[in-house]
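Novice: predicted coordinates and the sequence they were generated for:
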Amino acid sequence: MNHAERREMESILQERGMTESPESPDLEIVHTCSVTGKAAAKSRNAIRRAKRNGKHVFVTGCFPGTDLEMASELGDTVITQAGETPMLDRFAHEIDAWLQQPSKNTQQKTTSLPIATLPQVHGAHTRAELRIQDGCDAHCSFCIIPKIRTTLRSKTIEDTVTEATRLVKLGHKEVVLTGIFIGAFGHETALRRKQQNEHEEYLADLLDAVAEIDGLQRLRISSMEPGDVTPTLLDAMVANKNIASHLHLPLQSGSDSVLKKMNRQYNTQQYLEMIAMVNERLTIDGLTPAITTDIICGFPTETDGDFEQTIELAKNVGYLHIHVFPYSVRTGTAAARWKQLPPEVVQDRVQALLQLDEDLSLAYRKQLVGKQVQVIIENDDSQKDYSRGRCEHYAEILLKTNAKQGELVIANVTEATGKATFAKQELNILSNQK
Ligand code: SF4
């Protein structure tokens with residue numbers, strides 16, 4: 001989400017003729033995160049660093065939602081995520097106000113640069129994240145987001161297609177649809193029991209519409225709650241060949257009692273039934289789709305037995321990658337009031353899960369060996385032996401090729417090791433084709 005918002009903020013600045021000037025900025029913008037305690041600490045440090053440069057500092061994103069006092073003390077202009085007016089509209093308004101201050105209005109800011117001089121492929125990524133939805137009211141007991149991003153909003157299908165078309169024209173080969181709760185796209189609530197059924201398949205319609213865009217080589221969905229994977233959504237994934245064979249489906253815990261304490265909207269049986277449906281619909285030539293996940297270790301009340309169930313469930317699914325999060329207390333959430341586990345217990349579980357992640361990842365990537373994959377090159381550094389890219393199954397692939405960044409290479413996977421997956425390029429190099 002923050003990548004997508006950063007890109008939208010860049011557009012707002014570009015429209016006003018502003019450009020990035022890391023050496024001598026007149027304004028510093030710190031777009032923050034506070035989903036975990038560690039992210040909040042990093043945000044705080046980034047604001048302090050920016051402040052030391054003596055320039056006007058904008059603080060945007062989620063951090064002010066958890067510590068407005070600190071954000072206001074450190075930053076000059078603070079823009080929270082909460083509020084009736086979307087954060088980016090308030091950002092544009094504040095930028096305009098700042099530009100109009102005569103004492104701050106330097107030559108650099110008033111000189112319009114043609115858009116063509118600005119970077120067209122942001123941050124050397126071939127992927128572009130595109131926000132389709134914001135906000136959550138599901139109130140998982142560990143999560144601070146519903147208190148920060150309070151209002152649920154969705155883009156229309158039409159606006160999403162317009163924006164995705166623009167990204168493709170800018171040179172992005174892959175578009176990643178992102179949101180706080182993507183399954184709430186087109187709904188006013190993330191609580192499934194309260195959602196209106198007439199919008200049930202709105203997300204599948206969106207996938208169909210975006211996948212049609214000429215020149216879009218790959219479309220990916222960033223993260224979805226397990227209950228939002230429906231047969232119709234999978235139909236859309238099967239029908240549109242440029243939709244990646246990958247889903248990120250947060251598990252958080254493999255224990256039903258912990259899931260209940262977490263206030264998640266599924267239990268382990270529902271999760272496993274959904275995985276079975278995904279595998280049944282998306283497996284091609286014996287190759288199952290890539291599934292990645294988030295798991296929290298050491299949630300209050302998690303027993304050794306609960307953790308064992310998580311390990312067993314993860315083995316059962318066979319994830320390509322597990323994002324392992326040690327439980328992080330977020331003040332203001334229900335779980336923050338519960339007794340914490342000893343840090344050494346949490347660390348032991350983190351280590352066990354990281355080891356499992358390596359083992360499962362290798363097992364999944366071995367499935368790719370001997371298969372043909374499509375790799376979009378992300379790094380064509382000629383100094384390195386191998387170029388790097390991602391295939392439709394989300395695995396990072398190393399290969400020798402003359403293809404440039406953003407080009408699509410058809411390759412055969414030759415080897416999967418503990419840390420890397422290697423492939424050999426076939427003859428075809430496709431540029432800007434579906
Ligand atoms: S679904 Fe749960 S974890 Fe995800 S944003 Fe909403 S409250 Fe947080």
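Specialist: Received it, and whenever you're ready, just let me know what you need.
Novice: low pLDDT regions in the stretch 201-350 of the chain?
Specialist: The stretch 201-350 of the chain contains residues with pLDDT under 70 at 201.
Novice: neighbours of whichever residue of it sits closest to the ligand, how many?
Specialist: Ranked by C-beta to the nearest ligand atom, the top residue of the stretch 201-350 of the chain for proximity to the ligand is E225, at 5.9 Å. Using the backbone N, CA and C atoms, a C-beta is placed for each residue, glycine as well. Counted with other C-beta atoms under 10 Å, residues neighbouring E225 total 20.
Novice: before we move on, what about the one 10 residues further on?
Specialist: As a burial measure, D235 scores 15 neighbours (other C-beta under 10 Å).
Novice: likewise for K339?
Specialist: 6.
Novice: tell me which element it falls in.
Specialist: Under the criterion DSSP states H and E, no helix or strand holds K339.
Novice: next up, the contacts around the nearest residue to it once chain neighbours are set aside.
Specialist: Spatial nearest neighbour of K339, excluding adjacent residues (C-beta to C-beta, 6 or more residues apart in numbering): P300 at 5.8 Å. P300 makes contacts with K261, Y327, A335, W338, K339, Q340, L341, as judged by C-beta atoms under 8 Å, 6 or more residues apart in numbering.
Novice: just the buried members of the residues you listed?
Specialist: If you count burial by 16 or more other C-beta atoms under 10 Å, the buried members of those come out as K261, Y327, A335, L341.
Novice: tell me the one of those residues nearest A46?
Specialist: Closest approach between these and A46, by C-beta to C-beta: Y327, at 23.7 Å.
Novice: now the closest one: how far from Q340?
Specialist: 8 Å (C-beta to C-beta, to the nearest Å).
Novice: what's the overlap in contacts for those two?
Specialist: With C-beta under 8 Å, 6+ apart, Y327 and Q340 have common neighbours G298, P300.
Novice: and the gap between the spatially closest residue to H139 that is not a sequence neighbour and I180?
Specialist: Residue nearest to H139 in three dimensions, not counting chain neighbours: P146, with 5.1 Å by C-beta to C-beta, 6+ apart. Distance, P146 to I180, using C-beta to C-beta: 9 Å.
Novice: so the residue nearest to K339 sits in a strand?
Specialist: No - applying DSSP: H, G, I helix; E, B strand; the rest coil, one finds P300 to be coil, outside a strand.
Novice: which bits of this structure sit near the ligand?
Specialist: Residues of the chain lying near the ligand by C-beta under 6 Å from any ligand atom: C136, A138, H139, C140, C143, I145, P146, I180, F181, A190, E225.
Novice: helices along the stretch 151-300 of the chain, start to end?
Specialist: 157-169, 202-211, 231-239, 256-262, 268-282 (DSSP state H, counting those that start in this stretch).
Novice: as CSV, could you dump the C-alpha coordinates of the second one?
Specialist: Coordinates of the C-alpha atoms in helix 202-211 are reproduced here as CSV (Å, rounded to 0.1, in the frame of the first residue of the first chain):
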residue,chain,number,x,y,z
TYR,A,202,-17.2,-7.1,-8.1
LEU,A,203,-13.5,-8.1,-7.7
ALA,A,204,-13.7,-10.8,-10.4
ASP,A,205,-15.2,-8.2,-12.8
LEU,A,206,-12.3,-5.9,-12.0
LEU,A,207,-9.8,-8.6,-12.7
ASP,A,208,-11.4,-9.3,-16.1
ALA,A,209,-11.4,-5.6,-17.0
VAL,A,210,-7.8,-4.9,-16.0
ALA,A,211,-6.4,-8.1,-17.5
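Novice: neighbouring contacts of that helix?
Specialist: Contacts for helix 202-211 (C-beta under 8 Å, 6+ apart): 132, 157, 160-161, 164, 175, 177, 182-183, 185-187, 216, 219, 221, 228, 230, 232-233, 235-237, 239-240, 242-243.
Novice: any buried residues in that helix, and which?
Specialist: Neighbour-count burial for helix 202-211 [16+ other C-beta under 10 Å]: L203, A204, L206, L207, D208, A209, V210, A211.
Novice: what helices and strands are in contact with the longest helix seen in the chain?
Specialist: If you go by DSSP state H, the chain has its longest helix at helix 343-368. The contact analysis (3 or more C-beta pairs under 8 Å, 6 or more residues apart in numbering; DSSP states H and E) places helix 343-368 against strand 290-297, helix 304-317, strand 321-326, strand 408-416.
Novice: redo the ones you listed as TSV? Include mean neighbour count.
Specialist: TSV is the format used below for these (neighbours: other C-beta atoms under 10 Å):
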stretch	mean neighbour count
strand 290-297	23
helix 304-317	17
strand 321-326	19
strand 408-416	19
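Novice: quick one on the thing from earlier: now what about the following helix or strand past the longest helix of the chain, what contacts it?
Specialist: Sequence order places strand 372-379 as the next helix or strand after helix 343-368, per DSSP H and E. Strand 372-379 is contacted by residues 124-127, 173-174, 217-218, 387-393, 395, 397, 399, 401, 403-413, 423, 426 when judged by C-beta under 8 Å, 6+ apart.
Novice: let's see it at 6 Å
Specialist: Strand 372-379 is contacted from outside by 126, 173-174, 387-389, 391-392, 397, 403, 405, 407-409, 411-413, using C-beta atoms under 6 Å, 6 or more residues apart in numbering.
Novice: and it with strand 408-416, angle?
Specialist: 100 degrees (axes from the mean of the first three to the mean of the last three C-alpha atoms, to 10 degrees).
Novice: so what strands line up beside strand 372-379?
Specialist: strand 387-391 (antiparallel), strand 408-416 (antiparallel) (DSSP bridges).
Novice: got the angle between the first one and helix 343-368?
Specialist: With the same axes, to 10 degrees applied, the angle from strand 387-391 to helix 343-368 works out at 90 degrees.
Novice: can you check the longest one too?
Specialist: Computed with the same axes, to 10 degrees, the direction of strand 408-416 lies at 110 degrees from that of helix 343-368.
Novice: how distant is strand 408-416 from the center of its chain?
Specialist: Remark: strand 408-416 is offset 25 Å from the chain centroid, using C-alpha atoms, centre = their mean, to the nearest Å.
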